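1. predicted model and sequence follow; I will ask about them next.
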Amino acid sequence: MHKKGDNFKLISITKSLKKKYLNDLIFLKSSDIQVQPDCATLPAKYTKVQKNNTSDVGYIGNLYPGKGMELIIKIAALLPKIKFHIVGGRENDIKLWQKKYKGNNLIFHGYVNHGDLDKFYYLFDICLLPLQHYVSPDGGKADISKWTSPMKMFEYMAHNKAIIASDLPVLLEILTHNYNALIVDHKNVELWKKAIMLLSNNNTLLNRLAYNAYSDIKNKYTWHT
């Protein structure tokens, strides 16, 4: 129980979460909560943007409802010549999505130790952040879509990758459309397809988005900045 005179402070990972705390905990002042987004460590080897006409698109993370696999399988079906690499997920989740997709351009790599992810980042030309407006943590019933600060977003940035992300307000605290990412309606499959094709055919844009994302994390979002 909070008492008058208590020295109560919080650190929030997003501005959206800070607003919720201020709304729910009426004894707090704005100055009582400091926003500190998640961060990432810059890789030892700088990852250059690889090539024109990309054929390798990547997603790293869990496969819980709302994380975006329900969108990725639809995009993959529209772009059969592009390989979609899915890194992560539990075995039962992978089997579920494999049953739902009939094409041969969706590659599941399964769980990979965090220290072994670099080889996949070197492979990808584009990274996807397709969060939906309802994201279940660990497959549960709660919704974290309004508050999340995805670690993979910062790791995509640290590895100098062009990012296509959903239009969730919380992601826009870090990402800016046409500056360090392409921001797309979270449920519009056709727009996601167009965004991938745009980056596939526009190496200047691909490189600019990747460079700006890398510069942002280097200057703002490492564990030392």
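-> Arrived safely, thanks for sending. Note that this is a predicted model, so its numbers are computed, not measured.

2. give me phi/psi at the nearest residue to P65 once chain neighbours are set aside?
-> Closest residue to P65 apart from its sequence neighbours, by CB to CB, 6 or more residues apart in numbering: S136 at 4.7 Å. Every residue, glycine included, has its C-beta placed from N, CA and C. The phi/psi pair for S136 (degrees, to the nearest 10) reads phi -90, psi 120.

3. tell me which residues touch S136, please.
-> Applying CB atoms under 8 Å, 6 or more residues apart in numbering to S136 gives the contacts Y64, P65, G66, A142, D143, I144.

4. can you rerun that using 7 Å?
-> S136 is in contact with Y64, P65, G66, A142, D143, counting by CB atoms under 7 Å, 6 or more residues apart in numbering.

5. so which of these comes closest to S200?
-> Looking at the contacts of S136 and their distance to S200, the nearest is G66, at 26.4 Å (CB to CB).

6. wait, doesn't the closest one sit right on P130?
-> No. Using CB atoms under 7 Å, G66 makes no contact with P130, being 9.6 Å away.

7. show the buried residues in the contacts of S136.
-> Buried residues within these, counting neighbours by 16 or more other CB atoms under 10 Å: Y64, P65, G66, D143.

8. and which of the residues you listed is nearest to I13?
-> Looking across the buried ones among the contacts of S136 and measuring by CB to CB, the closest to I13 is D143, at 15.9 Å.

9. and the helix or strand encompassing E70, which residues are buried?
-> If you go by DSSP states H and E, E70 is part of helix 69-78. For helix 69-78, burial by neighbour count (16+ other CB under 10 Å) applies to M69, L71, I72, I73, I75, A76, A77.

10. still on that earlier bit, can you add distance to L106 and give the buried ones among the contacts of S136 back as TSV?
-> Output for the buried ones among the contacts of S136, formatted as TSV (distance: CB to CB, whole Å):
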residue	distance to L106
Y64	18
P65	18
G66	19
D143	26
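
11. what helices or strands is the worst-scoring helix or strand of the chain on mean pLDDT leaning on?
-> Between all helices and strands in the chain, the lowest mean by mean pLDDT, DSSP states H and E belongs to helix 15-24, at a mean of 76. For helix 15-24, the packing partners by 3 or more CB pairs under 7 Å, 6 or more residues apart in numbering; DSSP states H and E come out as strand 10-12, strand 33-35.

12. that one: how far from the chain's middle?
-> Offset of helix 15-24 from its chain centre (CA atoms, centre = their mean, to the nearest Å): 22 Å.

13. also stretch 120-127?
-> Offset of stretch 120-127 from its chain centre (CA atoms, centre = their mean): 13 Å.

14. same check on stretch 129-147?
-> Between the centre of stretch 129-147 and the centre of its chain there are 12 Å (CA atoms, centre = their mean).

15. now do stretch 83-91
-> 14 Å.

16. could you do stretch 105-121 as well?
-> Counting by CA atoms, centre = their mean, stretch 105-121 is centred 15 Å from the centre of its parent chain.

17. how about the helices in the protein?
-> Per DSSP state H, the chain carries helices over the ranges 15-24, 69-78, 91-100, 118-123, 151-158, 189-201, 203-220.

18. now those as a markdown table including distance to L168?
-> Shown next, in a markdown table, are the helices of the chain (distance: least, CB to CB, whole Å):
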| stretch | distance to L168 |
| --- | --- |
| helix 15-24 | 9 |
| helix 69-78 | 13 |
| helix 91-100 | 21 |
| helix 118-123 | 23 |
| helix 151-158 | 11 |
| helix 189-201 | 14 |
| helix 203-220 | 17 |
